[in-house]
Structure formats: structure tokens, C-alpha cells
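Participant: here is my input; please provide its structure:
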Amino acid sequence: MTALAAAAGTHSGGHDDGMMAVGKPGKAAQVGRTIEVIMKETDDGEMLFEPNEIKVEKGETIRFTLINKGELEHEFVLDNHENVMTHKAAMSKMPEMEHDDPNSVRLDSGMDGEVIWTFSNAGPFEFACLIPGHYESGMKGDITVAGH
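Facilitator: Residues are numbered from 1 along each chain as shown. Purely as a prediction, here's the structure:
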């Protein structure tokens, strides 16, 4: 079953113009490559993304195909570290907060979804699961955007 990044409720993120530090929503016609990202838990309680390090080029449009192979619900949120930490703090206060941001998708066990993203700025960014306790259990990854 496939889920797109859409949900009933929202939180305010100030993304009205679509541009964020990490870039902007991409268009399917501009996708240069697809990166599959697995979300799962290990038997010893670690939660992780595979891969947890991704390298892209500034200006590149990536289709992230996200597959939740875990037993729990997980999410993929793409942003800079500061915004991820702000979002994480908000999620700890409202764990059932729903998203409709183009830089994130939340998936039940066995579901898959996608985020299409154009990386407009060079620098270090990250992706994370911000469901309370998941980030602390290792569910985070680094994206390095190389400039031209």
C-alpha cells in the first residue's frame, strides 16, 4: 500500500512559499534519481533508516521512496538540524500531530510512500523520525548537499 505525504491535520511550519533551508518540493518530471530508504527497528530496540547517510548535488531532484519494514509507525522528516530539533520538541508535546508538509511522510507498518525534493542549497542537512523516542533510538540520518 502506498501513502503520499498528506494528512488530516497540520502544524504550522511557515513553508508557504515552498522554499526551505534544505530546498523545495520537487516535481516528478525533474527527478534525477530515486533513493530507497528503509525504516525499521532491530531486535535490540534500535530504530533506524537504511541508508543513514546520503549525498546529493545542489540542484538535484530526488525521489525518496520510503518503505516502513518495521512493526511500528515511523516518519521521514527532511530539514536542517535546527528545524528538525524544533519539530522534535513540538512532537514531544503533541505526539499525534499530523503533517501535510511536502518534506515529510508518516507511514504505518508495512506502508510505503515518497517525498520528491529539490535540493536548492549546499550544506549539511538531516532526515529523522520525530515520533517521541524514535530519534533517541537512532532514527536519524545525514544528507550532504555538495555545491557546484
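
Participant: do a quick rundown of the helices in this structure.
Facilitator: Taking DSSP state H, the helices of the chain run over residues 81-93.

Participant: okay, now the unreliable bits of it?
Facilitator: The chain contains residues with pLDDT under 70 at 1-18, 95, 97-99, 148.

Participant: show me where it has strands.
Facilitator: 2-3, 24-25, 33-41, 47-50, 53-57, 61-68, 74-79, 104-107, 112-118, 123-128, 140-146 (DSSP state E).

Participant: just put the ones you listed in TSV and tack on mean neighbour count and distance to H87.
Facilitator: Glycine gets a C-beta too; all of them are placed from N, C-alpha and C. Written out in TSV, the entries for the strands of the chain read as follows (neighbours: other CB atoms under 10 Å; distance: least, CB to CB, whole Å):
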stretch	mean neighbour count	distance to H87
strand 2-3	14	19
strand 24-25	18	17
strand 33-41	16	17
strand 47-50	18	16
strand 53-57	15	19
strand 61-68	21	17
strand 74-79	25	6
strand 104-107	24	9
strand 112-118	21	15
strand 123-128	20	8
strand 140-146	18	12
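
Participant: can you redo these as JSON lines with distance to K88?
Facilitator: Conversion of the strands of the chain to JSON lines gives the following (distance: least, CB to CB, whole Å):
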{"stretch": "strand 2-3", "distance to K88": "22"}
{"stretch": "strand 24-25", "distance to K88": "22"}
{"stretch": "strand 33-41", "distance to K88": "16"}
{"stretch": "strand 47-50", "distance to K88": "14"}
{"stretch": "strand 53-57", "distance to K88": "20"}
{"stretch": "strand 61-68", "distance to K88": "18"}
{"stretch": "strand 74-79", "distance to K88": "9"}
{"stretch": "strand 104-107", "distance to K88": "12"}
{"stretch": "strand 112-118", "distance to K88": "18"}
{"stretch": "strand 123-128", "distance to K88": "7"}
{"stretch": "strand 140-146", "distance to K88": "10"}
